[in-house]
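Q: Prediction below, plus the sequence it came from.
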Amino acid sequence: MKKLFVAVCCAFSLLNAVHAQTNAAWKGKKAAVVITYDDAIDQHLDNAVPVLDSLGLKATFYLTAFSQSMQKRLNEWKNLSVRGHELGNHTLFHPCVGNMPGREWVSKTNDLNNYTVKRIENEMLMTNLFLQSLDGKTKRTFAFTCGDMKIADSSFINGMKKDFVAARAVRNEMHKINEVDLYNVDCYVVNNHSFEEMKTWVDKAMQTNSLLVILFHGVGGGNGLDVTIENHRKLLAYIKQKEKEIWVAPMIDVAEHVLQWQQQNKK
């Protein structure tokens, strides 16, 4: 009986140690969540930011520097940094590979098939300089436009790693901290999902001790990849409700934490 008691105690101690070590990966929380918005559109300022600020949540806005909204409402975008949100790099003109299904909207000028690696690098660096003029910061994260990572057969991020702490892709996946590739960070793309569908992503992140990155485009309009204002609000409220179990932070903060953790836990 005594041996059984000792064995049970040892098992509980081991489980607690594993649980503590796992949670320590995300600053004592079960998971990390990064909320991102792409393309710098009016609906982010009008429909997303007020909800974020009312809940005290900080997000990452991947800004296309020459977007229509940026041209008209520059001071409002600049003010996001003052309120604790991250201004991320989403290129100067939002180029994408044009010869793919559903890409008819890509102009010849902004078709990555017509780019060189040097051209995309220069435009990314120009966008970094533009963003620095808004928030005064030199550390930056990047989001691939349309998830496109190559010029012909060349992965252009390889030569830009010194300029970015991390880069976000667009696959619907999540990973534990030791599995995160900082220059190919996965995310879940919101495409007219219901609150219940998006809630399962948050629950899965907590269950698997993973990093969940959520990507919004339209919020109550502005992009075909949309979410209703109500479902957007419900999801953010649910994330806030779970804040004792979830570390919610901009991509730059999470990426720097992941980098430090991975360096300290190299095998």
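A: On my side now, so go ahead. Numbers count the residues shown, from 1 in each chain.

Q: Count the residues that sit near I239.
A: Using other Cβ atoms under 10 Å, I239 has 21 other residues around it. Just so you know, the C-beta spots here come from the backbone N, C-alpha and C atoms, and that holds for glycine as well.

Q: Check whether it really touches I35, as I assumed.
A: Yes. Judged on Cβ atoms under 8 Å, I239 makes contact with I35 at a distance of 7.4 Å.

Q: list residues touching both of the two?
A: 57, 248 (Cβ atoms under 8 Å, 6 or more residues apart in numbering).

Q: How about the helix or strand hosting Q263, which residues are buried there?
A: Assigned by DSSP states H and E, Q263 belongs to helix 251-264. Neighbour counts over helix 251-264 (16 or more other Cβ atoms under 10 Å) mark 251-258, 261 as buried.

Q: how about the helices in the stretch 1-150 of the chain?
A: Counting by DSSP state H, counting those that start in this stretch, residue ranges of the helices within the stretch 1-150 of the chain are 2-24, 42-43, 49-55, 68-72, 74-82, 117-135.

Q: Among those, show the one with the smallest mean pLDDT.
A: For the helices of the stretch 1-150 of the chain, mean pLDDT drops lowest on helix 2-24, to a mean of 46.

Q: residue contacts, A59?
A: A59 touches 34-37, 48, 52, 85-86, 250, counting by Cβ under 8 Å, 6+ apart.

Q: swap in N128?
A: Shown in contact with N128 (Cβ under 8 Å, 6+ apart): 89, 140, 163.

Q: just the contacts of A59 now: which is nearest V185?
A: For these, the closest approach to V185 (Cβ to Cβ) belongs to V34, at 8.4 Å.

Q: what about the closest residue to that closest one other than its chain neighbours, distance to I239?
A: Closest residue in space to V34, ignoring its immediate chain neighbours: V213 at 4.5 Å, by Cβ to Cβ, 6 or more residues apart in numbering. According to Cβ to Cβ, to the nearest Å, V213 stands 12 Å off from I239.

Q: Mutual contacts of the two, please.
A: With Cβ under 8 Å, 6+ apart as the test, V213 and I239 both reach V33.

Q: contacting residues around the helix holding Q263?
A: Around helix 251-264, the neighbours that count as contacts under Cβ under 8 Å, 6+ apart are 25, 27, 32, 34, 36, 60, 86, 88, 139-141, 165-166, 168, 177-178, 180, 182, 185, 211, 213, 247.

Q: how about 7 Å then?
A: Helix 251-264 has contacts (Cβ atoms under 7 Å, 6 or more residues apart in numbering) with 25, 32, 34, 36, 60, 86, 88, 139, 141, 165-166, 168, 177-178, 180, 182, 211.
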